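**Student:** This is a predicted model, with the sequence first.
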Amino acid sequence: MLPSQRKISESQATEIDLAEKSGIRLNAAFELMDNEEQITNIFWADAQMIMDYGQFGDVVTFDTTYKLNSAHRPFASFVGFNHHRETVIFGATLMYDETADSFVWLFRRFLETM
């Protein structure tokens, strides 16, 4: 970056700190800020979810709860059951829209992550 582009606001610094604590790489955090605060699709899975998928991922359900949040965005989760028949979450997503491209993106991220 040029020296003139190296200055960030306090709110941007806070966003970068939160992203770093969430495991998002620094360049990805800057990329998020450069998109004029318009996030399209978000998928997340932590280490425990990935380990649970490795043990209990034989059967996975994909459940969508459409437009019940304040932004009217589809929320979806990848869920399974452990050997005690308890619900295990393998991943979750907040999608921008319900287009085929969004679902293709989501399923690819899920497979790459797991």
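**Tutor:** That came in fine, so what should we check first? Residues are numbered from 1 along each chain as shown.
**Student:** Give the rounded mean pLDDT of the helix or strand where Ala19 lies.
**Tutor:** Per DSSP states H and E: Ala19 is located in helix 10-21. Helix 10-21 shows a mean pLDDT of 75 in the predicted model.
**Student:** Run the chain-centre distance for that helix.
**Tutor:** In this view, helix 10-21 has its centroid 17 Å away from the chain centroid, taken as CA atoms, centre = their mean, to the nearest Å.
**Student:** buried set for that helix?
**Tutor:** For helix 10-21, burial by neighbour count (16 or more other CB atoms under 10 Å) applies to 15-16, 19. (Glycine included, C-beta is placed from N, CA and C.)
**Student:** Check stretch 95-104 too.
**Tutor:** For stretch 95-104, burial by neighbour count (16+ other CB under 10 Å) applies to 95, 102-103.
**Student:** how would you label His72: helix, strand or coil?
**Tutor:** Following DSSP: H, G, I helix; E, B strand; the rest coil, we place His72 in the coil state.
**Student:** Find me the pLDDT at it, would you?
**Tutor:** The predicted structure lists His72 with a pLDDT of 71.
**Student:** got a list of what it touches?
**Tutor:** When the contact criterion is CB atoms under 8 Å, 6 or more residues apart in numbering, His72 has no partners at all.
**Student:** if I look at it, how far off is Phe62?
**Tutor:** Counting by CB to CB, to the nearest Å, the gap between His72 and Phe62 amounts to 20 Å.
**Student:** How about the secondary structure of the most centrally placed residue in the chain?
**Tutor:** Per CA atoms, centre = their mean, the C-alpha nearest to the average position across the chain is that of Phe43, at 2.0 Å. The three-state label for Phe43, taken from three-state DSSP, comes out as strand.
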